[in-house]
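From the sequence below, what's the structure:
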Amino acid sequence: MAPSTPLLAVRGSVGTSMLFGPPLCTENTAFTSDNRRCKFFVFSKDGSLFAWCNGETVNIVNVADGKHVQSFDLPKTACLGISPQNSVLVTWQPYSKTQETVQGEPNLHLWNVKTGECLKSFYQKKMQSWCPSWSDDESISVRSVNNELHFFENNSFDTIASKLHLQKVTDFVLSPGSQPCKVAVYVPGVKGGPSFVRLYQYPNFAGPTSALANKSFFKADRVTMLWNKKATAVLVTASTEVDKTGASYYGEQTLHYIATNGEGAVVQLPKNGPIYDVVWSPNSTEFCVVYGFMPAKVTVFNLKCDPVFDFGTGPRNAAYYSPQGHLLVLAGFGNLRGQMEVWDVKKYKLVSKPQAPDSTFFSWCPDGEHVVTATCAPRLRVGNGYKIWHYTGPVLHKYDAPSDGELWEVLWQSFSDGVFPEKTIKYQAVPSELGSTEPKPAQVYRPPALRNKPITSSKLHEEEPPQNMKLQQGGDKQLSKTALKNQKKREAKKAAKQETKPDDIQEKVQESHPKPVSPTAPAAATSGDPELDKKIKNLKKKIKAIEQLKDHQAAGKPLEKNQIEKLQKESLLLQELEELELGI
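Residues are numbered from 1 along each chain as shown. So this is what the prediction gives:
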């Protein structure tokens, strides 16, 4: 039986509606549109249920036929959640106090989806980590309470089955997949001490020695923890609010790899700058990182934290794997121009390069064939709307919000893993009535005085091309990280020399003023002391490198911090060389 067409839920100032995805792109009449303003909506994990709150009631419907399953009179509800097996509905509303209830009332409620009965109510003052987490089979659920994690079994919320107590634990992430269930916890550092992330396996919580893995690090005001699909490793992005070196306004980030077998490493990123995005491949054996000052680099790493493929540099700040893991989209949204690059992950070949300017949202369709981009309020309040694309580039469906209206969110219907199998990748754009949005080459403005003169290439940034970091063909060994860095420096120097071409100028000067050739040119003076000669040779080598840096600076190329420090040492090196040569 062929899988059904995924649905797209849309909410905005005109209400909540639902439409079929490609190829139909028509309204789903089984769902009765709600004209009231929707605060939040969510699909269940398997996509069979859809819940939303409209400021008056919380409703749950069956997606297949649109029939109401439950309705709750909860006008203040701001967030919703559905457990993985569709047993429990979670509702959260902002915590408040009144004169009658000084302590306030419970604001986190858990409801039985089938009967509508309230299973349990909790106090949850902060919106951070408001929703309990479940294992896929719902045998275990967990929520954070002060300095503890409370674990419940089989949706029995009246009895705490187990506790994990850690001083000032601020965040946790439950592992996906089947049993055994694991949890990653983060505890920030206190009084100059290091922060740490630990991995535990339920229910073994007897002290630090029971942890599967432990990773401590400094420079961490907050972290983001990301499990892979097989629950064998976690990627931890540690961030600081302030970069003490002054290199970045947005603080400093480092990326750490922690495996459940106890292995851990710092992911070495060749380019300095912020980490914009980190995402696991669905196969759980590779992960993609977008990092570095603009133009940002994108690199795929394996489980040994070795680079597999480098996509070079470009205007990107996000990466998205398709649900099947066969395609990867690199995009630059937000304050970038909306360029998207669709890559074949197996061949590392570029499929298409569409452009979606002013986009604030991106999501893959569960079928792995289509994507949606949207411009939503309040991020942008003008030009709201969404587009459904085929990954080869064409726009298949487009919606523009009314001039006096806003679009708030779009959401694909969820499906269980394996419902949509991987299909053969196409490189030819599929036909579409709306056409493609491949960016046209923009012409650079040239003043009238320069329009009849030869064009000289001048780029603000030198973009690096993609390169495969795996073993080279012909049995060549993979270069080490230091060798790769030196190789890139040599290539950059060679490119700089080709641009400036100082040799051509020197050859012309030599032709007009030829130097007399001495038949017996004296050899370089030596002191007879090998150590002294070696010192002089090294000093000359450093001075020559400084001269090359000065040439690069004169050509308008930006220098790194260590290169500027070398320039400042030129006078000291010249003085030292003069003193040594006087002693010969």
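
rest of the way, CA atoms for contacts and neighbours
Noted.

List phi and psi for the closest residue to Ser210 other than its chain neighbours.
On the basis of CA to CA, 6 or more residues apart in numbering, the spatially nearest residue to Ser210 that is not a chain neighbour turns out to be Asn204, at 6.3 Å. Dihedral angles of Asn204 (phi, psi; degrees, to the nearest 10) stand at phi -80, psi 90.

One more: Asp171?
Here Asp171 shows phi and psi, under degrees, to the nearest 10, equal to phi -150, psi 150.

How many residues are close by the residue nearest to Gly273 when sequence neighbours are not counted?
Of all residues beyond its chain neighbours, the one nearest Gly273 is Gly292 (3.9 Å), with distances taken as CA to CA, 6+ apart. Residues lying near Gly292 (other CA atoms under 10 Å) number 19.

next one: Ser48
Around Ser48 there are 16 other residues, counting by other CA under 10 Å.

Could you report the distance from it to Ala206?
Counting by CA to CA, to the nearest Å, the separation of Ser48 from Ala206 is 39 Å.

Would you mind pulling the contact partners of stretch 351-360?
Residues from elsewhere that reach stretch 351-360 (CA atoms under 8 Å, 6 or more residues apart in numbering): 333-334, 337-344, 373-376, 379-380, 391-394, 426-427, 436-439.

any idea how far the residue nearest to Gln428 when sequence neighbours are not counted lies from Ser352?
Distance criterion CA to CA, 6+ apart; nearest residue to Gln428, sequence neighbours excluded, is Thr392 at 6.7 Å. Taken as CA to CA, the spacing of Thr392 relative to Ser352 amounts to 5 Å.

Name the residues contacting each of the two.
A shared contact of Thr392 and Ser352, defined by CA under 8 Å, 6+ apart, is any residue touching both; here these are Val342, Tyr427.

Run through the strands of the stretch 1-150 of the chain in chain order.
7-12, 15-20, 40-43, 49-53, 58-62, 68-72, 79-82, 88-92, 108-112, 118-122, 133-134, 140-145, 148-153 (DSSP state E, counting those that start in this stretch).

Can I get these in a markdown table including mean neighbour count and mean pLDDT?
Written out in a markdown table, the entries for the strands of the stretch 1-150 of the chain read as follows (neighbours: other CA atoms under 10 Å; pLDDT from 0 to 100):
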| stretch | mean neighbour count | mean pLDDT |
| --- | --- | --- |
| strand 7-12 | 22 | 94 |
| strand 15-20 | 21 | 93 |
| strand 40-43 | 22 | 94 |
| strand 49-53 | 24 | 94 |
| strand 58-62 | 20 | 93 |
| strand 68-72 | 15 | 91 |
| strand 79-82 | 22 | 93 |
| strand 88-92 | 22 | 93 |
| strand 108-112 | 20 | 93 |
| strand 118-122 | 15 | 92 |
| strand 133-134 | 23 | 92 |
| strand 140-145 | 20 | 90 |
| strand 148-153 | 20 | 90 |
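
who wins for proximity to Gly385 among the ones you listed?
Comparing the strands of the stretch 1-150 of the chain by their distance to Gly385 (CA to CA), the top pick is strand 7-12, with 9.8 Å.

just the angle between that closest one and strand 15-20, please?
For strand 7-12 and strand 15-20, the angle between their directions (axes from the mean of the first three to the mean of the last three CA atoms, to 10 degrees) works out to 160 degrees.

Report the distance from strand 7-12 to the chain centre.
In this view, strand 7-12 has its centroid 25 Å away from the chain centroid, taken as CA atoms, centre = their mean, to the nearest Å.

List the contacts of it.
Looking at what lies outside strand 7-12 - CA under 8 Å, 6+ apart - the contacts are 16-21, 28, 37-38, 405-413.

what's the distance between the closest residue to Val187 other than its chain neighbours and Val145?
Counting by CA to CA, 6+ apart, the nearest residue to Val187 once its immediate chain neighbours are dropped is Val169, at 4.6 Å. For Val169, the distance to Val145 (CA to CA) stands at 9 Å.

Then Ser135?
Per CA to CA, Ser135 is found 18 Å from Val145.

what's the following helix or strand after the longest helix along the chain?
Selection of the longest helix in the chain by residue count, based on DSSP state H, yields helix 530-554. Toward the C-terminal end, the helix or strand that comes next after helix 530-554 (DSSP states H and E) is helix 561-568.

three-state assignment of the residue most central in space within the chain?
Centroid check for the chain by CA atoms, centre = their mean gives Asp277 as the closest residue, at 1.4 Å. Secondary structure assignment for Asp277 (DSSP: H, G, I helix; E, B strand; the rest coil): strand.

where does it land on pLDDT?
Listed pLDDT for Asp277 reads 93.

returning to what we had before: my read: the residue nearest to Gln428 touches Pro431, true?
No: with the criterion set as CA atoms under 8 Å, Thr392 and Pro431 do not qualify as a contacting pair; they are 9.9 Å apart.

of the two, who's got more company?
Legend: neighbour count by other CA under 10 Å for Thr392 and Pro431, higher for Thr392 (24 against 14).

how about Gln85, what does it touch?
In this structure, Gln85 makes contact with Lys45, Asp136, Asp137, Glu138, judged by CA under 8 Å, 6+ apart.

Need the nearest residue in space to the last one, chain neighbours excluded.
I take that to be Glu138. The shortest distance from Glu138 to any non-neighbouring residue, by CA to CA, 6+ apart, is to Asn154 (6.2 Å).
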